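Asks: any chance you can model this:
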Amino acid sequence: MLRVGDQIRALRRPALGVWHYGIVVEASPRGVLVAHNDIWRGVRLDPLHVFTRGQQPHLLRGAPFGRGQEIRARALQMLHRRWDLETFNCEHFVTLAQDGVAQSPQLAGMGAIAMTASL
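Replies: Here you go, the predicted model:
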């Protein structure tokens, strides 16, 4: 069961293994609402089924005990902020909301692959 503040992901480009990340901002019997950073529209809110695009959602990291509302508030403060591949992609958004530090391990991994391929 998903909880407010949880970090989730869904496979966005299965052939490439690219994931899309979001933060659960509402989890109730009516459904789950996810804040995520969309490449075209920036940080936005969508129902879980829209966020996942029919893919299975995966719990990547649960909200630390007692911090769900704090994470939710931080995520909502970023609504409409624009996406940027290098400084504010979907991974940057979720790590900033959960930990206060923007990181993108997926982007760092792609950079390492590109550097290795250029050798």
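Asks: switch to C-alpha atoms for all contacts and neighbour counts from now on
Replies: OK.
Asks: residues contacting Arg44?
Replies: Each residue near Arg44 by C-alpha atoms under 8 Å, 6 or more residues apart in numbering is listed here: Ala35, His36, Asn37, Asp38, Leu79, His80.
Asks: most neighbours among these, which one?
Replies: Ranked by the number of neighbours (other C-alpha atoms under 10 Å), these place His36 first, at 32 neighbours.
Asks: wait, it sits on Leu48?
Replies: No. Using C-alpha atoms under 8 Å, His36 is not in contact with Leu48, being 10.4 Å away.
Asks: which one of the contacts of Arg44 sits closest to Glu86?
Replies: Within those, the smallest distance to Glu86 is 13.1 Å, found for Asn37 (C-alpha to C-alpha).
Asks: on the three-state scheme, the closest one is what?
Replies: strand (DSSP: H, G, I helix; E, B strand; the rest coil).
Asks: run a quick neighbour tally on the closest residue in space to it that isn't next to it in sequence.
Replies: By the measure of C-alpha to C-alpha, 6 or more residues apart in numbering, the closest residue to Asn37 outside its immediate chain neighbours is Val43, 4.0 Å from it. By the criterion of other C-alpha under 10 Å, Val43 has 25 neighbours.
Asks: what helix or strand is Val43 on?
Replies: Assigned by DSSP states H and E, Val43 falls within strand 42-47.
Asks: adjacent strands (with direction) for that strand?
Replies: Its sheet considered, strand 42-47 pairs with strand 31-38 (antiparallel) by DSSP bridges.
Asks: residue contacts, Ala10?
Replies: Ala10 touches Trp19, His20, Tyr21, Phe51, Thr52, Gln55, Gln56, Pro57, His58, counting by C-alpha under 8 Å, 6+ apart.
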